[in-house]
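>>> pasting the structure only:
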């Protein structure tokens, strides 16, 4: 795909000459004759490189553009040109973020060589950022050989090279983000970093600004123009995590981008075109959300071109030893600790656990043990082992699974606590919601709402009236 170069110079002949030279080399060319126009073109064309004249309008107006790029888009290389060149100006330009300085009159060969070097440098920088995290991300997901993971890997390898939109589903902590990163790293967009946004972590009133950017003055506090995630992800991949928490209004705009690859910034009227691949993820059942009226049916089918279901850790227990060793080795290396190993007996204990927090909980558990275990071998200590002293075994009346949920992020830990609490209360009242409501001082409607939200199903035929199956325990 051809890269765009923005040429900024107040002399029309130079713009036309440079534009023709670069176009002959296969580049797309945008032009600007002033700093003001250059800032507008930066928003419209999203160039890969800028060739910038420093001296325009009788002053060093080009520094306005250079400083803006250094602050707003520091990864964008700028090749500075000037007919008023001296050592002081060249040093100032480079200090302000320019990739290189070329004095007029320009040599075509030198300019093309510098442009290619700048683009190569940018490309290598982006590839290095991707590669620094790639091997560890893939390792966290693909260690082990469970049938469910082998099937997932095979599907990823088939769909990654295509431009298809992808919907990733699975419980919290199973590795949906790692799947997205892996798809991106195997695609033809891998030379650019994947852009990520957690839709659930951003206040509703700011989601549109985060995704699409905003114009200066669009709302209180918008003191300058800002690029959104779609700008940043141009020619790359945008990962929308927890898309089920996005408002219907924002969903409509996402649908338009999927259809047209165009959007407007908040407070703006200018249409911006982008080339972005969408990967979305959710821990919710989006078809249930459609029935509730909280998720658009048409957006679901646009996203669900390919669906990747990431299995929970309890369905791939044979992968736990490999994952545990990987997490331990990574943590020991990152923190320069003495080498540690996992006792086989302790590994057996890990495989008996439900792991409600999935891979995230396993990782946190192994890291905690790496910190708190004094010796070189992590063994079966009661305070850490599933079902050990002071910990209910999986499936016990207390909800099971030990205290691993306490290591989860706040929202997930809160949901897990509520899930266990309501199950315990319902068990104590034989599934009778009315009696449960009276004892815990909540309305029946509130409990029903919570049971639905937490996806808790009672196993008794009636929940709101007296039971008809006779006395219990002789009472």
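Thanks, I have it. Everything numeric in this text was worked out from a predicted model, so none of it was measured.

>>> And the residue nearest the centre of this protein?
residue 196 (3.0 Å; CA atoms, centre = their mean).

>>> and that one, that's in a helix?
No. Counting by DSSP: H, G, I helix; E, B strand; the rest coil, residue 196 is not found in a helix; it is strand.

>>> Give me the phi and psi for the closest residue to it other than its chain neighbours.
Spatial nearest neighbour of residue 196, excluding adjacent residues (CB to CB, 6 or more residues apart in numbering): residue 239 at 4.5 Å. Yep, even glycine has a C-beta here, placed from its N, CA and C like the rest. In terms of degrees, to the nearest 10, the main-chain angles of residue 239 are phi -100, psi 110.

>>> could you list every residue that touches residue 239?
Listed by CB atoms under 8 Å, 6 or more residues apart in numbering, the contact partners of residue 239 are 177, 180-181, 184, 194-197, 279-281.

>>> Okay, and the beta partners of it?
residue 196, residue 279 (DSSP bridges).

>>> mind checking how far it is from residue 168?
To residue 168, residue 239 is 9 Å away according to CB to CB, to the nearest Å.

>>> shared neighbours, the two?
180, 279-281.

>>> what domains does the record give for this structure?
Domain segmentation of the chain under automatic domain parsing yields 4-123, 148-311, 314-407, 411-475.

>>> so can I have JSON lines of those domains showing mean pLDDT?
Formatted as JSON lines, the domains of the chain follow (pLDDT from 0 to 100):
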{"stretch": "domain 4-123", "mean pLDDT": "88"}
{"stretch": "domain 148-311", "mean pLDDT": "89"}
{"stretch": "domain 314-407", "mean pLDDT": "74"}
{"stretch": "domain 411-475", "mean pLDDT": "69"}
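
>>> Is residue 338 in contact with residue 374, as I believe?
No. Residue 338 is not in contact with residue 374 according to CB atoms under 8 Å; the separation is 10.2 Å.

>>> how many other residues sit next to residue 414?
Residues within reach of residue 414, counting by other CB atoms under 10 Å, total 12.

>>> With the one 4 residues further on instead?
Applying other CB under 10 Å, we find 14 residues neighbouring residue 418.

>>> tell me the contacts of the closest residue to it other than its chain neighbours?
With CB to CB, 6+ apart as the criterion, residue 418 has its nearest non-adjacent residue at 6.0 Å, and that residue is residue 454. Each residue near residue 454 by CB under 8 Å, 6+ apart is listed here: 415, 418-419, 422.

>>> do that again at 10 Å, thanks
Neighbouring residues of residue 454 by CB atoms under 10 Å, 6 or more residues apart in numbering: 415-416, 418-423.

>>> got a markdown table for the residues you listed, with secondary structure and distance to residue 75 too?
Putting the contacts of residue 454 into a markdown table (DSSP: H, G, I helix; E, B strand; the rest coil; distance: CB to CB, whole Å) gives the following:
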| residue | secondary structure | distance to residue 75 |
| --- | --- | --- |
| 415 | helix | 38 |
| 416 | helix | 40 |
| 418 | helix | 43 |
| 419 | helix | 43 |
| 420 | helix | 46 |
| 421 | helix | 48 |
| 422 | helix | 49 |
| 423 | helix | 50 |
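
>>> Please tell me how far the closest residue to residue 278 other than its chain neighbours sits from residue 306.
For residue 278, the nearest residue in space outside its immediate sequence neighbours is residue 165; the separation is 4.9 Å by CB to CB, 6+ apart. According to CB to CB, residue 165 and residue 306 sit 7 Å apart.

>>> Residue 80 should be in a helix, yeah?
No. With three-state DSSP as the criterion, residue 80 is strand rather than part of a helix.

>>> count of residues packed around it?
Using other CB under 10 Å, residue 80 has 28 other residues around it.

>>> Tell me the bridge partners for it.
Judged by DSSP bridges, the bridge partners of residue 80 are residue 52, residue 101.

>>> I figured it was touching residue 54, is that so?
Yes. Counting by CB atoms under 10 Å, residue 54 is a contact partner of residue 80 at 5.7 Å.

>>> Quick check: neighbours shared by those two?
Counting by CB under 10 Å, 6+ apart, the residues touching both residue 80 and residue 54 are 8, 62-63, 65-66, 89-90, 92-93, 96, 98, 101.

>>> who wins for most neighbours among the residues you listed?
Counting neighbours by other CB under 10 Å, the top entry in these is residue 8, with 30 neighbours.

>>> Give me the phi and psi for residue 112.
Taking degrees, to the nearest 10, you get phi -60, psi -40 for the backbone angles of residue 112.

>>> residues contacting it?
21-22, 24-25, 27.

>>> Neighbour count for residue 338 and residue 374, which is higher?
Each of residue 338 and residue 374 has its neighbours counted (other CB under 10 Å); residue 338 has more, 7 against 4.

>>> SS state for that one?
Under three-state DSSP, residue 338 falls in the coil class.

>>> returning to what we had before: closest to residue 113 out of the contacts of residue 112?
Closest approach between those and residue 113, by CB to CB: residue 25, at 11.1 Å.

>>> Identify the spatial nearest neighbour of that closest one, chain neighbours not counted.
Spatial nearest neighbour of residue 25, chain neighbours left out: residue 112 (6.4 Å); criterion: CB to CB, 6+ apart.

>>> still on that earlier bit, any chance of the shared contacts of residue 80 and residue 54 in CSV, plus secondary structure and distance to residue 410?
Output for the shared contacts of residue 80 and residue 54, formatted as CSV (three-state DSSP; distance: CB to CB, whole Å):
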residue, secondary structure, distance to residue 410
8, strand, 48
62, helix, 48
63, helix, 46
65, helix, 43
66, helix, 43
89, helix, 53
90, helix, 52
92, helix, 48
93, helix, 47
96, coil, 42
98, coil, 44
101, strand, 50
